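Asks: Provide a 3D model corresponding to the input given below.
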Amino acid sequence: MAALLLGTRVVTLAPASAGGNAAWARRAAGRVRAFADLARSWTWAEELFRAGVLVREVDGETPEEDVRWVLERLSVDDRYAALRMFLHQAEGDAHLAAISADILKGGPDPGLSIPVAAGLDRFAVRRCALVARSPAVSVAQKAEANLGTGVLTCAVPVLLQADAARLMHAREVMRRELDALRAAMMRLPEVVQSGARGVSGVHRDVELAAKAYGAAFEHKRADVHVGAEDDEVRLVESVALVSVVALPSDAVLASGVTALRSMGASGRHESVSTGGTGGVIVRHDQAEGRRVAGLVIKAMGTR
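Replies: Below is the predicted model:
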């Protein structure tokens, strides 16, 4: 919800996008009940999709190819051999049913969530974008947090609960201040990938823009709330602590392996070669060795 307010646009990987069009999605919903249930649960976001706030692609690119790359890497790179036990072999409707059910129940099934999360990170590295993350709760998330380096932290007001129309209204009311904050924050991925150069300047700009946005939100709160009593979804505000963290591009995979080892699962049943890639030549990954800018968002309180 915070990303949908703060971001210029938010890229997501939706199961429907695998088919390429709405007609495919309708046919799939008729065959796969879990996917039909998922589609119904996402109808609230239809206006966000129509407005181009929530999108499945940028300049014709989607995260799907990145997820496929991750799955290929998992199958041949012995650094992540321990994760192979979780991978799903299902394809077509069976896979669509599994991933739809996992999203609906709040998962995550590591066999589904790990390739998707790692794929989104790779997409973000390629597109020089920020990746929204929840605070570390699970063993794997805590292991990932240990791989990161903090860049900056700021507190900003967000809408923790609202319908799509209310989100769009808030984005319009706060457009000037949000545009300034977005412009400052979108410099962060480049700074994260380039190392320490320019961090202090961007930190100052983000901090100033965040303060200006917070002050304007207080001033314009009545405008944000106008007519909210008639909304289908009750409007709930929150102050969010937003932390930008620099992470290795393979943080999801590396932290998954670390989490397994901490729980006593080593994946020794998988073959491991001294070459580190099971004797298979692995194509060069353009994201290898680069860093992803994680945007960790934690709700601090509601009103």
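Asks: wait, is residue 151 part of a helix?
Replies: No - counting by DSSP: H, G, I helix; E, B strand; the rest coil, residue 151 is not found in a helix; it is strand.
Asks: For it, which non-adjacent residue is closest in space?
Replies: Of all residues not flanking residue 151 in the chain, residue 244 sits nearest, at 4.2 Å (C-beta to C-beta, 6 or more residues apart in numbering). Using the backbone N, CA and C atoms, a C-beta is placed for each residue, glycine as well.
Asks: so how far is the helix or strand where the one you found lies from its chain's centroid?
Replies: Using DSSP states H and E, residue 244 falls within strand 236-248. Distance of strand 236-248 from the chain centroid (C-alpha atoms, centre = their mean, to the nearest Å) equals 12 Å.
Asks: list the contacts for residue 213?
Replies: Contacts for residue 213 were tallied using C-beta atoms under 8 Å, 6 or more residues apart in numbering; they are 156, 157, 174, 177, 178, 180, 181.
Asks: ranking those by neighbours, who comes first?
Replies: Among the contacts of residue 213, residue 181 has the most neighbours (other C-beta atoms under 10 Å), with 25 neighbours.
Asks: Please tell me how far it sits from residue 296.
Replies: Residue 181 sits 17 Å away from residue 296, taking C-beta to C-beta, to the nearest Å as the criterion.
Asks: do residue 132 as well
Replies: Applying C-beta to C-beta, the value for residue 132 to residue 296 is 8 Å.
Asks: same for the strand holding residue 244, what does it pack against?
Replies: Judged by 3 or more C-beta pairs under 8 Å, 6 or more residues apart in numbering; DSSP states H and E, the packing partners of strand 236-248 are helix 2-6, strand 149-161, helix 188-194, strand 291-302.
Asks: any idea of the mean pLDDT in it?
Replies: On average, the pLDDT along strand 236-248 is 94.
Asks: in it, what's buried?
Replies: Of all the residues in strand 236-248, those buried under the rule 16 or more other C-beta atoms under 10 Å are 237, 238, 239, 240, 242, 243, 244, 245, 246, 247, 248.
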